[in-house]
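*Asks:* Provided below are the primary sequence and the corresponding predicted coordinates.
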Amino acid sequence: MKASQAALAEALRAEQSYVTALYERLDTLREREEEALSTVLRDGAHGGTRQALVEREVRADEHAGSIARFNGVEGGLCFGRIDHADHAGGASHYIGRIGLRDDTHEPLLIDWRAPAARPFYAASPTAPGTLVRRRHLHTRGRRVTGVDDEVFDLDGMAESERRGLVGEAALLAALRRGRTGRMTDVVATIQTEQDRVIRSGLQGVLVVQGGPGTGKTVAALHRAAYLLYTYRDTLARRGVLVIGPGAAFLHYIGQVLPSLGETDVVLTPLGGLFPGVSATAEDGARAAVVKGDPRMVEVIAAAVRDRQLLPAGPVDIPLEDEALRLSPRACARARDRAQALHAPHNVARKRFVLDLLHALVRERARQHGRPLDEEELRHGPAELWAQPPVRAALDALWPPLTPLRLVAELLSDPDRLRSAAPLLTDDERAALLRAPDAPWTVGDVPLLDEAAELLGTDDSAERARARAAEEERREEERYAREVLQIVGLDEGEDEGPAPVDAAALAARHLDTGPVRGTAQRAAADRSWAYGHVIVDEAQELSAMAWRMVMRRVPTRSMTVVGDVAQTGSPAGAASWGQMLDPYTRGGWREERLTVNYRTPAEVMDLAAEVLAEVAPELSAPESVRREGRRPVAVRAPRGRLAREVVRAVETDLADLAEQGGGRLAVVAADRAVDALARALPGAVRGDRPDALDSPLVLLTVAQAKGLEFDRAVVADPAGIWSQSPKGGHDLYVAITRVTRRLTLVYEGELPEVLGRLAP
Ligand SMILES: Nc1ncnc2c1ncn2[C@@H]1O[C@H](COP(=O)(O)OP(=O)(O)OP(=O)(O)O)[C@@H](O)[C@H]1O
């Protein structure tokens, strides 16, 4: 055995023994939590007050959460070690997914987010800090399979250790892995520029701008975990919101955060930000632009005002044995007084209704020729309000409105639109028109949110319901006490506590729902103020969408992740300042990511040429590796695009099968997608959330955003180029989805910018 091999074997043996001890510690802690959980559950079987039940549920949740956290770190518990120089104390620290201490509180494993772990990510050959060595540990299950060393100070190491150095760069090893359709965490190989993003402070708006594959998404998710760890008290109560472009994307990244041990996070696509609506449909380009335009603020405000009507003449209200009349003057006065409150529509409505009920009470007294007495003034309004014709007449003048009703009625009625949107052109109004029962689009959601702000909710009914629920609970408790007395189970004089108490029995009969965590409560509450908001693919958000997002985070503690070179939505951002300045007065900071970890250099060279054409002011990121294979373009005979795509797909799938598997995407021009779906029955369409579990997926460029595949066939590049004013950006996105090999299939001509690929 060569000396270096012996040294490696010795290093592996030493690391194995340390890692084994770490897993033993993990097992011990997990067993303790399991025991604690069963004790809590056992105690819970004996009833108790509702307060005690809630506390027990919270404790059980905490123990279950710890167990889940320990289970979540089973794979790759420890992945690194740092050795400090003698002059810095010479200590070694092991770095892992969570922190572990022994029973005397001595640290055994440092959480990757802790300050002591920072040198593992920040040290570089030119700026090693106090490190002499960084070691990556490769593990499979609980077995250490290899180590990778980077030595920053050979002189600072003992001769025997120098011989034990092993070479494979951990990062490249990680990047060579095939794609699974799920993003994985990269805690073991976070790069220095990403580390700066992850550990940037909580305050203010941080923009992370970077080209395709630079790890923006992955860095943003690790940042969420880091922030929750570092600012636990602030963030666990308010939660963190992560907004991504669509269901498939969220499916793709969904596993990363739990595996980092964080659950106080709400992941949602933009179309899901308004509780109760889950919009997935996209608008046409024209409608998207108008709906995203800030002028829609005034349009929605006018639509609300238009619902606060003045009648053309007196309003007659026929009651059973009399007829009442409201004068236009009384209506105008009530409306002016209600509007002067500057309160939301549904809240101000209460004042309007009350004023008119009083007017009606006076009118009734006048008709009967009698003076108003105290009694009538006190009870008259409620009595009139109980009469359906009165209600109908007042509702017609100032109706209670939900955001859904307001926006649906506005967008499906040309007259309402004309009245509310005189500042839009005829064409723009025509673009907004939709059928009354059309599904909500992603672009509608910010309009609903805007409407909700202006309409507000009259919560009197909600409060009345809460009072009724409390009364019902007391009633149940009284009843339960009686039941216990009858069956002889109530607390006797000297017989110790009863096995069941009345409150517990009552609670079982009331549907109080489960105790909900921060994330669940936040997701259901439109007005929830999050502790931090992360927006991925943020270049796609319109000005109206930004308004909606900003409402969720009044503190403006945000991470905005994206690439203005990839903007596909015609209502999206041309620059970050355009979208963010109105909310931050220019006070946002930017970090740039410059290295592409996904796309091989051969493919990125081509992408860079496309970028130079569509956004010459931006530069494409540098790829970290080469694949040794240039992208290939295949020309299809006229009318045979689908057939050539099928052929390319078959070749790629056969190749992948030979190499042990992998995933293939067909990224197609919008105009080609339907025909390709027919030609490729085995491909799962990209709008399905489970699309990424399939080895073959068919996607539009919009659906492919943020995703990656081992191989891609880009179908009809000229169609992509010309499908929208942002077609060039779309092409850039389409060709940067691959980690290995790219094929383009075209009919007729390639777009000029790809001309060099033509055979
Ligand atoms: N430090 C790292 N170690 C290992 N893999 C990494 C690292 N950084 C990024 N990657 C990998 O590179 C790929 C691209 O990362 P990611 O999807 O976050 O990029 P992106 O900048 O969001 O791309 P896009 O703009 O195309 O959406 C992913 O597979 C990710 O796991």
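*Replies:* That came in fine, so what should we check first?

*Asks:* which bits of the protein sit near the ligand?
*Replies:* 171, 174-175, 183, 186, 189-191, 194, 210, 212-218, 563, 597-598, 706, 708, 736 (Cβ under 6 Å from any ligand atom). Where you see a C-beta, it was placed from the backbone N, CA and C, and this is true even at glycine.

*Asks:* of the residues you listed, buried ones?
*Replies:* 171, 175, 183, 186, 189-191, 194, 210, 212-218, 563, 597-598, 706, 708, 736 (16 or more other Cβ atoms under 10 Å).

*Asks:* where in the protein is pLDDT low?
*Replies:* Filtered on pLDDT under 70, the chain yields the residue ranges 1-3, 44-48, 153-182, 259, 261-262, 458-467, 473, 476-517.

*Asks:* still on that earlier bit, so which of the buried ones among the residues of the chain next to the ligand sit within strands?
*Replies:* Using DSSP state E, the subset of those located in strands is G210.

*Asks:* can you give me the strands for the stretch 51-200 of the chain?
*Replies:* Under the criterion DSSP state E, counting those that start in this stretch, strands of the stretch 51-200 of the chain are mapped to 78-84, 92-96, 100-101, 107-111, 131-140, 143-151.

*Asks:* who's in contact with the closest residue in space to L397 that isn't next to it in sequence?
*Replies:* Excluding the flanking residues, the one nearest L397 by Cβ to Cβ, 6 or more residues apart in numbering is L309, at 5.2 Å. Counting by Cβ atoms under 8 Å, 6 or more residues apart in numbering, L309 makes contact with 396-398.

*Asks:* now L309: how far from M550?
*Replies:* L309 is 32 Å from M550, where distance means Cβ to Cβ, to the nearest Å.

*Asks:* can you check L611 too?
*Replies:* Relative to M550, and taking Cβ to Cβ, L611 is found at 30 Å.

*Asks:* burial count for whichever residue of the stretch 351-500 of the chain sits closest to the ligand?
*Replies:* Per Cβ to the nearest ligand atom, V442 is where the stretch 351-500 of the chain lies closest to the ligand, at 18.1 Å. V442: 24 surrounding residues under other Cβ atoms under 10 Å.

*Asks:* so it sits against A287, correct?
*Replies:* No - assessed by Cβ atoms under 8 Å, V442 is found out of contact with A287, at 11.0 Å.

*Asks:* look at the residue in the stretch 401-550 of the chain positioned nearest to the ligand and say how many residues are nearby.
*Replies:* Residue nearest to the ligand within the stretch 401-550 of the chain: E537 (6.6 Å; Cβ to the nearest ligand atom). By other Cβ under 10 Å, the residues close to E537 number 25.

*Asks:* give me the buried subset of the contacts of L309.
*Replies:* Buried among the contacts of L309 (16+ other Cβ under 10 Å): 397-398.

*Asks:* quick one: which of the contacts of L309 is nearest A122?
*Replies:* Of all those, W398 has the smallest distance to A122: 61.0 Å, by Cβ to Cβ.

*Asks:* for the ligand, what's its nearest residue on the stretch 501-650 of the chain.
*Replies:* Counting by Cβ to the nearest ligand atom, the stretch 501-650 of the chain gets nearest the ligand through Y597, at 3.5 Å.

*Asks:* nearest spatial neighbour of the residue of the stretch 601-750 of the chain found nearest the ligand, skipping sequence neighbours?
*Replies:* Closest residue of the stretch 601-750 of the chain to the ligand, Cβ to the nearest ligand atom: G706 (4.1 Å). Spatial nearest neighbour of G706, excluding adjacent residues (Cβ to Cβ, 6+ apart): F249 at 4.8 Å.

*Asks:* contact partners for that neighbour?
*Replies:* With contacts defined as Cβ under 8 Å, 6+ apart, F249 is in contact with 269, 536-537, 705-707.

*Asks:* and T736, what does it touch?
*Replies:* Contacts of T736 (Cβ under 8 Å, 6+ apart): 211-213, 596, 598-599, 603-604, 607.

*Asks:* and it, its phi and psi?
*Replies:* phi -100, psi 20 (degrees, to the nearest 10).

*Asks:* for the one 4 residues further on, same thing?
*Replies:* Here the main-chain torsion angles of R740 (degrees, to the nearest 10) amount to phi -130, psi -70.

*Asks:* now it: how far from V603?
*Replies:* 9 Å.

*Asks:* ok, now V265?
*Replies:* Using Cβ to Cβ, we find V265 at a distance of 33 Å from V603.

*Asks:* look at these two and report which has more neighbours.
*Replies:* V603 (28 against 23).

*Asks:* which strand or helix spans the more buried one?
*Replies:* helix 601-614 (DSSP states H and E).

*Asks:* residues of that helix that come out buried?
*Replies:* Neighbour-count burial for helix 601-614 [16+ other Cβ under 10 Å]: 602-604, 606-608, 610-611, 613-614.

*Asks:* so in that sheet, which strands flank the following helix or strand past that helix, and in what orientation?
*Replies:* Going down the chain from helix 601-614, the next helix or strand is strand 622-623, by DSSP H and E. The strands beside strand 622-623 in its sheet (DSSP bridges) come out as strand 595-596 (parallel).

*Asks:* what's the offset of the strand it pairs with from the middle of its chain?
*Replies:* Distance of strand 595-596 from its chain centroid, counting by Cα atoms, centre = their mean, to the nearest Å, is 24 Å.

*Asks:* which residues make contact with that strand from outside it?
*Replies:* Applying Cβ under 8 Å, 6+ apart, the contact partners of strand 595-596 are 191, 193, 211-215, 604, 620-624, 736.

*Asks:* ditto for stretch 361-373
*Replies:* By Cβ under 8 Å, 6+ apart, stretch 361-373 touches 322, 324-326, 376-377, 380-381, 384.

*Asks:* confirm R13 sits in a helix?
*Replies:* Yes - assessed with DSSP: H, G, I helix; E, B strand; the rest coil, R13 lies in a helix.

*Asks:* please report phi then psi for the residue lying closest to G456 once chain neighbours are set aside.
*Replies:* In this structure, G456 finds its nearest non-sequential neighbour in P344, 2.5 Å apart by Cβ to Cβ, 6+ apart. Dihedral pair for P344: phi -60, psi 150, per degrees, to the nearest 10.

*Asks:* wait, doesn't P344 sit right on A451?
*Replies:* No - using Cβ under 8 Å, P344 is not in contact with A451; the gap is 10.1 Å.

*Asks:* who's more crowded, these two?
*Replies:* It is A451, of P344 and A451, that has more neighbours when counted by other Cβ under 10 Å, with 24 against 16.

*Asks:* in a helix, that one, correct?
*Replies:* Yes - A451: assigned to a helix according to three-state DSSP.
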